[in-house]
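Any chance you could fold what I've pasted below:
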Amino acid sequence: MQSHQASNKPFRFSDSTRTKRESEYLSQLEQRFDSSPFSVVEKLMNFPLYVPRQNLTTFLCKYEIFKRVLGIHGSIVECGTLFGGGLMTFAQLSAIFEPTNHQRRIIGFDTFSGHSTIATQDLGSESVEAHQGGLAIDSFEEISYCTELFDMNRFVGHIPKIELVKGDAEKTIPQYINDNPYLIVSLLYLDFDVYTPTKVALENFVPRLSKGAIIAFDELNLKSWPGETIAVLEKLSLNHLRIERFSFGSTISFAEIG
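Next comes the predicted model:
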């Protein structure tokens, strides 16, 4: 895995919305975390002491979305896994709120090598990561190892909860459907950022969303990543969906299948 020290930045990817003050905050936060007198486990047990407010906000948004599908049958599909925080959020919430629901799988799709392709629909992006190989992080082994630790600390731990699917979504998603024809989806979380894999995800997973299921969007109506919105406009009847958001959130939105 690429070392974050090599970039001399606490967070390796650029964010045009982050102020200089926020960047300085991250630098000081990393220094404080490294020099803390607490053990690593003690710091994890008291994570609000260190975790940035923005990441707590994202966690709370996903918690609220998860609650919407708690009584809906089917697995959770995350399209775009990156560091694995979102994937593990849904897995932990499932382990807490429905500890014996072994049929709820948390399935993450990612290349683990960045964007495979950039389509013409993505060319208006303002993000410096909007290029082939953008947002690349080889987190597959780390997430896999953390998944093994997670299974040690939950009920029904002998039945896998998390599944990682590595590769280009244009190929891996249709192949996964072919290999798992029984799949029903309760929550489809779209975070591929770009057009082509988002379109493929919509084509393959939306028919497997039952009434009451949730489709969530990480970049809808976001100028930095126009490809997601374009794919949604092409593949969904947007005026038949009530796109909701949380008052405390920023970019995350979602709709219930009616």
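
where does the stretch 1-150 of the chain dip in pLDDT?
1-8, 16 (pLDDT under 70).

rerun that using 80 as the cut-off
Low-confidence segments of the stretch 1-150 of the chain, defined by pLDDT under 80: 1-9, 11, 14-18.

for it, what spans make up the strands?
For the stretch 1-150 of the chain, the strands defined by DSSP state E, counting those that start in this stretch occupy 75-79, 106-110.

Please report the distance of G134 from K199.
18 Å (C-beta to C-beta, to the nearest Å). Placement of C-beta: from N, CA and C, glycine included.

And for stretch 251-258, what's in contact with it?
Residues outside stretch 251-258 that contact it (C-beta atoms under 8 Å, 6 or more residues apart in numbering): 58, 61-62, 65, 68, 209-222, 240-246.

Pull out the buried residues from those residues.
By neighbour count, with 16 or more other C-beta atoms under 10 Å, the contacts of stretch 251-258 hold 58, 61-62, 65, 68, 209, 213-220, 222 as buried.

So which of these is the closest to T17?
Ranked by distance to T17 (C-beta to C-beta), these are led by L222 at 10.3 Å.

quick one, domains of this structure?
The chain breaks down into these domains under automatic domain parsing: 19-51, 53-256.

ok, longest strand in this structure?
Under DSSP state E, the strand in the chain containing the largest number of residues is strand 209-217.

List every C-alpha atom in the helix or strand just after that one, with coordinates, as PDB.
The element immediately downstream of strand 209-217 (helix or strand, assigned by DSSP states H and E) is helix 226-235. The C-alpha coordinates for helix 226-235 follow below in PDB (Å, rounded to 0.1, in the frame of the first residue of the first chain):
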ATOM      1  CA  PRO A 226     -20.900  15.500 -12.800                       C
ATOM      2  CA  GLY A 227     -20.700  11.900 -14.100                       C
ATOM      3  CA  GLU A 228     -22.700  10.400 -11.200                       C
ATOM      4  CA  THR A 229     -25.600  12.800 -11.800                       C
ATOM      5  CA  ILE A 230     -25.600  12.200 -15.500                       C
ATOM      6  CA  ALA A 231     -25.700   8.500 -15.100                       C
ATOM      7  CA  VAL A 232     -28.600   8.800 -12.600                       C
ATOM      8  CA  LEU A 233     -30.500  11.100 -15.000                       C
ATOM      9  CA  GLU A 234     -30.100   8.600 -17.800                       C
ATOM     10  CA  LYS A 235     -31.000   5.400 -15.800                       C
END
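
Next secondary structure after helix 226-235?
Taking DSSP H and E as the definition, the helix or strand right after helix 226-235 is strand 244-245.

what about H102, neighbour count?
Counted with other C-beta atoms under 10 Å, residues neighbouring H102 total 15.
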